[in-house]
Each structure stands twice: as structure tokens, then as C-alpha cells.
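Engineer: sequence below, structure please.
(one chain, ligands or ions: 2)
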Amino acid sequence: MAIVARLRSLRRDLAAVAATLSGRQAPPPLAAAARTSAPPPASALTPRRLRVARIVRETSDAVSVVLEDPTGAPIQFAPGQFFTLHVRVGDEVLKRAYSASSSALDRERVAVTVKRVHDGRVSRHVVGHLHEGDAIDVLGPSGAFTPVAAREPRLLVLVGGGSGITPLSSIARTLLASEPGTRVALVYGNYALEDVIFKDALDDLASEHAGDPARFRVRHVLQQPPPEWAGGAGLLDGDRLARELDAFGDPDLASAEYFLCGPAPMMAGARAALEARGVAPSRIREERFVSAHAAGGLSAGAASQEVTLRMRDGERRIVVAAGRTVLETALDAGVDMPFSCAVGGCGTCRVRLSAGSVVMDEPNCLSTGERAERYVLACVSRPTSPCTLDVP
Ligand SMILES: Cc1cc2nc3c(=O)[nH]c(=O)nc-3n(C[C@H](O)[C@H](O)[C@H](O)COP(=O)(O)OP(=O)(O)OC[C@H]3O[C@@H](n4cnc5c(N)ncnc54)[C@H](O)[C@@H]3O)c2cc1C
Ligand code: FES
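Structural biologist: Numbers count the residues shown, from 1 in each chain. Ligands and ions are numbered 1, 2, ... in the order given. This is a model prediction of the structure:
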């Protein structure tokens, strides 16, 4: 069985390499989508219309939405990147970011996997009311949570919780198919077995890439495991992660590249545990689905402040209430501000602070150079005095 799976996997790897070499398929887009200090190009801010080709139920509260371009144009992204869906809910069009969960090597379609959030407006709509054939406007891809291209085989360790599996699934599928010697280890935490997104697909991927050493290994960790459960049990915190890594016993763990995506406490615990094991911080990458402020870690600004937005077509004045962000307030006032992720992760909402002061939720994706040039991110900025912002 293992031999058959390995042969299947080898055949697929060779087919991917051959397709790349023959030019039938673009090389895997693994280079990091590192942001420069240039503003995003206009095309990055213009959504394209895609069609819902298929909806796949993954768990009782998660679906995968497979999107295709009705014109047949390719859909390109790097594994780990996200798209911003413009979803009509009632009379409103709401924008939310969703990571690609499918392989970046398949350019005919992209799948995003959405888990319903309690009281969540868009996720409830997508999971309950989106239909095959629906049209949907999509912005992106965006984000830099993506492995940098490597010539040598390497070890990637993916640590996920709940819906945080989505970018990790894309990274695993893409790299296993495009980097023949690369190994991937996944530690995936959930509450119960029925909450595990992609359970069968991940187990299949593990048997396809079994061997010595295995190219893909997965350890599921459940808070409420069923009887006779052979995986990890308990909350996926730093101690649990350390135990799971010890069980992998891979000699390359210290030099591996780590990708974390899940609830904020899980990521904080994982980072602390990895650093305590001697993993260099530069080898640990994180993707947040909720802003640091929404996750409850930051204090709000103390008072309302007037903000002048200098746009290409004139000035707009808004009053940002205590605790709100510039972006939220501008959008509520009908100002057409550029944005994508809305949690400080992509740089699309970057504006220059020409007067006044703001506090920003941290961490965010602004570089030291951008900060020195007084750029701020409207989506995570709360003014602490009257401000003037130049919007590109
Ligand atoms: C870069 C990026 C990638 C993302 N990828 C995915 C993905 O692949 N799959 C996916 O399901 N989601 C993903 N998200 C989260 C997604 O964008 C939405 O935030 C989420 O679906 C909730 O939107 P909503 O409109 O349903 O909830 P809202 O109506 O916006 O919020 C309802 C309540 O839920 C809270 N909340 C919002 N988001 C979350 C969350 N993720 N977990 C717990 N509570 C939350 C809010 O604080 C609020 O109290 C991603 C977010 C980012 C920034
Ligand atoms: S919208 Fe992505 S950083 Fe602000």
C-alpha cells in the first residue's frame, strides 16, 4: 500500500516538474510576495468576477468554495496567500479575506475554505447561502505568508488550529508536488474529531507521501478526543506542540521553516515553545485571521479625533470615534478607501501620515523603512490627535 502511494506521489511530482520544464505550466509561484515600499498597483485594487464552480461541505460549519474565471483566464497565487471576497449580504457588499486552501499549481481554479463564525455576517452567509453558479467579486491574491523559493530540499513544519488549516493546506499541497525532496510536518489542533477540516484529505496526503523518511506527516491534536484516539489529546498549546515535535523526532527540526496559523493564543504559545527550543525567530512565520485589537490585546484610543483624508479627487473629513480605526470610519462614511485584509497583514490600505499621530495595532506588516517615511496602515490605525492622511 505504502509503495503504491509512493509511486503515485513520485509520478505526480515528475509530471509537475515535466509540465514546468516544458512550459505547459508556470513554475510554482513560491517566491515570497514580499512588499516593497511602492504603493499597490491599481490592478491589485480592482476586483475580478469569478464564478462559484462547486461548494464542498467539509464539516458541519465549514465549506470549500471552488472559484473559476468564467472567461477561462488563469487564477494565480502563491501558496499561503489570500483573496478578498466581496460578498453581498442583504443590501450590503461586505469584504472579507479568505486564504486559498488549494494547490497553487492548479491555475484553473482556486478553493477557499470558510468556517462559520458565531454571529459572523459573511461566514454564515457563505456557509449557508452561497450557491454553485453564483458570481462573486474577488480581490487579490494578497499576503506574504508564503514560503520563499528554495533550491535544496527542506523541512517545513506547519502548525494550525481550526480554520487556520486553509493556507497551510495550500502550502503543503503545493510544495509536496513541486519540490521533490521537501518534507512537510503538520500539527493540527481542533476541539473534536468532527471539527477537523480536510481530515480524510490530509490522511490521504500522508499515505501518498509515506516512506522513510515520510514526505508528509500529520499529527491531529483534539481537546475532546473520541475513545481509542491515537493522536494528540488536549489543547494545542506550547507544551503540547513541543511534545508533538519530539514525537516527530526529525533531526532537521531546528533548521526547519515554521508556518503558524490559528487562534492568537495558540500562535503565541507555539512561538514561545519554538524559540525556547532554539528556533530562530526569522524561521517562524505567522498569519492572523483576526486583528490584534479584535483579539482583545490592545487598548482603544481615548477620544474622538478629526481626520482629514487627502485623496486624489479632493479632501474628506471624518471623525473617528474612540477605539475605531480610520478605515472602519472612512468606509462607514462612504469614502472609497483601498483595503484588502483589514487586519494589518497586506499593506493595501497604506497611507502617509502628514500631520498628527496614530497608534497602530501590532504586529503589522509595515517595514521599518515605511515607518520612517511616516506610512501607517488605515485598517489598524487609531488616531490619538487630529490627523491628516495622504491616500494614494
Ligand atoms: C488574511 C486572512 C485570511 C483569512 N482566511 C480565512 C480562511 O481561510 N477561512 C476562514 O474561515 N476565515 C478566514 N479569515 C477570517 C475571515 O476573513 C473573516 O474574518 C471571518 O470569516 C469572519 O467574518 P464574518 O463576516 O463572518 O464575521 P464578522 O461579522 O466580521 O464578525 C463577527 C464576530 O466574530 C469575530 N470574528 C471575526 N473573525 C473571526 C475569526 N476568524 N475567528 C473567531 N472570531 C472571529 C468578530 O470579532 C466579531 O465579534 C481570514 C482572515 C484574514 C485576515
Ligand atoms: S487592509 Fe491589509 S494591511 Fe490594511
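
Engineer: how about the strands in the stretch 51-200 of the chain?
Structural biologist: Using DSSP state E, counting those that start in this stretch, the strands found in the stretch 51-200 of the chain span residues 62-68, 82-89, 92-99, 110-115, 135-142, 155-161, 183-192.

Engineer: please render those as JSON lines that adds distance to residue 314 and mean pLDDT to the earlier fields.
Structural biologist: Placement of C-beta: from N, CA and C, glycine included. Shown next, in JSON lines, are the strands of the stretch 51-200 of the chain (distance: least, Cβ to Cβ, whole Å; pLDDT from 0 to 100):
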{"stretch": "strand 62-68", "distance to residue 314": "36", "mean pLDDT": "98"}
{"stretch": "strand 82-89", "distance to residue 314": "25", "mean pLDDT": "91"}
{"stretch": "strand 92-99", "distance to residue 314": "24", "mean pLDDT": "88"}
{"stretch": "strand 110-115", "distance to residue 314": "36", "mean pLDDT": "98"}
{"stretch": "strand 135-142", "distance to residue 314": "25", "mean pLDDT": "90"}
{"stretch": "strand 155-161", "distance to residue 314": "45", "mean pLDDT": "98"}
{"stretch": "strand 183-192", "distance to residue 314": "50", "mean pLDDT": "97"}
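
Engineer: want to try CSV for these, with distance to residue 198 as columns?
Structural biologist: Formatted as CSV, the strands of the stretch 51-200 of the chain follow (distance: least, Cβ to Cβ, whole Å):
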stretch, distance to residue 198
strand 62-68, 9
strand 82-89, 17
strand 92-99, 13
strand 110-115, 8
strand 135-142, 20
strand 155-161, 10
strand 183-192, 9
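
Engineer: which one of the ones you listed lies nearest to residue 202?
Structural biologist: Proximity to residue 202 (Cβ to Cβ) singles out strand 183-192 among the strands of the stretch 51-200 of the chain, at 7.0 Å.

Engineer: before we move on, the earlier item: out of the strands of the stretch 51-200 of the chain, flag the one nearest ligand 2.
Structural biologist: Proximity to ligand 2 (Cβ to the nearest ligand atom) singles out strand 135-142 among these, at 7.0 Å.

Engineer: report the angle between the closest one and strand 92-99.
Structural biologist: Interaxial angle of strand 135-142 relative to strand 92-99 (axes from the mean of the first three to the mean of the last three Cα atoms, to 10 degrees): 40 degrees.

Engineer: quick one: contacts of strand 135-142?
Structural biologist: Outside strand 135-142, the residues that touch it by Cβ atoms under 8 Å, 6 or more residues apart in numbering are 33, 44-52, 67, 76-78, 81-87, 93, 95, 97, 100, 130, 340-341, 345-346, 348.

Engineer: which bits of this structure sit near ligand 2?
Structural biologist: Selection of the chain residues close to ligand 2 by Cβ under 6 Å from any ligand atom yields 339, 340, 341, 342, 344, 345, 346, 347, 348, 349, 377, 379.

Engineer: weed out the non-buried ones from the contacts of strand 135-142.
Structural biologist: Buried subset of the contacts of strand 135-142 (neighbour count, 16 or more other Cβ atoms under 10 Å): 33, 44, 48, 50-52, 67, 77-78, 81-85, 87, 95, 97, 100, 130, 340-341, 345-346, 348.

Engineer: tell me where the stretch 151-300 of the chain is predicted with low confidence.
Structural biologist: Scanning the stretch 151-300 of the chain for pLDDT under 70 picks out 291-300.

Engineer: ranges for the helices of this structure?
Structural biologist: Applying DSSP state H to the chain gives helices spanning 2-21, 121-129, 165-178, 199-208, 238-248, 264-276, 326-332, 368-372.

Engineer: follow-up on the earlier one: and which of the residues of the chain next to ligand 2 is nearest to ligand 1?
Structural biologist: Using Cβ to the nearest ligand atom, the residues of the chain next to ligand 2 come closest to ligand 1 at residue 341, 4.3 Å.
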